[in-house]
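just coords:
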């Protein structure tokens, strides 16, 4: 889970710190977890259990990452409309180049996530997942995967909601600049258009920032429920 979580597993955190955090969380969880059956770690059954645990953890971490990908998507759309599509920044979290506006919104999202104790909710869901689905022989079913796929739709809906005010304002500005260019062809549209769209984009972005909290706060709380639902992607042995 720490490998996929965008906050607790952020690449800006040294690897040794993340390994220490994983070990510390394990020491805290072991006394409160149900006693698992004895399985030889080197046996086929032990390797299967390890693969199941890895899959569950990656899926739970991915459910948290989806919210931050929505912010990156919104920032990419806003930056493209502002004319900053060429201004990219290396994102160590994803190992790719992303627009600077997307990086800015992602950092704002991380700060909001920490301010509402979202990391505590994630750790609580992690501890409860072992009670919901105890470690042991089980069969997979696709209920948890379907929950994750439905949750991924948040990436598009929330991204568009965040970017829509800036897109609408910049669309009106571009239409106005097009009318001006037709009325006065001697004007250098590129010389006056870029500063206008850039200033308008930053102004609208500043006005929409206060509305990010009421939009993202319910999502951060819902992440814990999604993680618990993903933990149900297996059933007890003999189930369907």
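Good, I have the coordinates. On a predicted model such as this, the values are computed, not experimentally measured, just so you know. Residues are numbered from 1 along each chain as shown.

ok, and what's touching stretch 55-68?
1-7, 9, 106, 109-110, 113, 122, 125-126, 129, 133, 144-145, 148, 151-152, 154-155, 158, 216, 219-220, 223, 226-227, 230-231, 233-234 (Cβ atoms under 8 Å, 6 or more residues apart in numbering). C-betas here are computed from N, CA, C, even on glycine.

residues of that stretch that come out buried?
55-57, 59-68 (16 or more other Cβ atoms under 10 Å).

quick one: average confidence on that stretch?
If you average the pLDDT over stretch 55-68, you get 84.

Next: stretch 110-122.
86.

picking up where we left off before, show me which of the contacts of stretch 55-68 are buried.
1-2, 4-7, 9, 106, 109-110, 113, 122, 125-126, 129, 133, 144, 148, 151, 154-155, 158, 216, 219-220, 223, 226-227, 230-231, 233-234.

gap between residue 150 and residue 216?
Separation of residue 150 from residue 216 (Cβ to Cβ, to the nearest Å): 19 Å.

For residue 204, what is the enclosing helix or strand?
Using DSSP states H and E, residue 204 sits in helix 189-208.

Quick one: name whatever helix or strand follows that helix.
Per DSSP H and E, the first helix or strand lying C-terminal to helix 189-208 is helix 212-230.

Over to stretch 37-45 now: how far is its first residue from its last?
The separation between the terminal residues of stretch 37-45, taken as Cα to Cα, to the nearest Å, is 11 Å.

what stretches of the chain score poorly on pLDDT?
Residues of the chain meeting the criterion pLDDT under 70: 85-98, 136-144, 187, 189, 231-240.

between the buried residues of stretch 55-68, which is nearest residue 47?
Residue 47 lies nearest to residue 55 out of those, by Cβ to Cβ, at 12.6 Å.

For the closest one, which three-state class applies?
helix (DSSP: H, G, I helix; E, B strand; the rest coil).

Please report how far the residue at the greatest distance from the centre of the chain lies from residue 174.
For the chain, the residue at maximal distance from the C-alpha centroid (Cα atoms, centre = their mean) is residue 186, at 46.7 Å. Between residue 186 and residue 174 the distance is 20 Å, computed by Cβ to Cβ.

try residue 30
For residue 30 relative to residue 174 (Cβ to Cβ), the value is 59 Å.

and the two? which has more neighbours close in?
Between residue 30 and residue 174, counted using other Cβ atoms under 10 Å, the more crowded position is residue 174 (16 against 10).

how near is that one to residue 114?
Per Cβ to Cβ, residue 174 is found 37 Å from residue 114.

element containing the residue lying closest to residue 32 once chain neighbours are set aside, please.
Leaving aside its sequence neighbours, residue 32 sits nearest to residue 127 (Cβ to Cβ, 6 or more residues apart in numbering; 6.9 Å). Here residue 127 sits within helix 118-132, counting by DSSP H and E.
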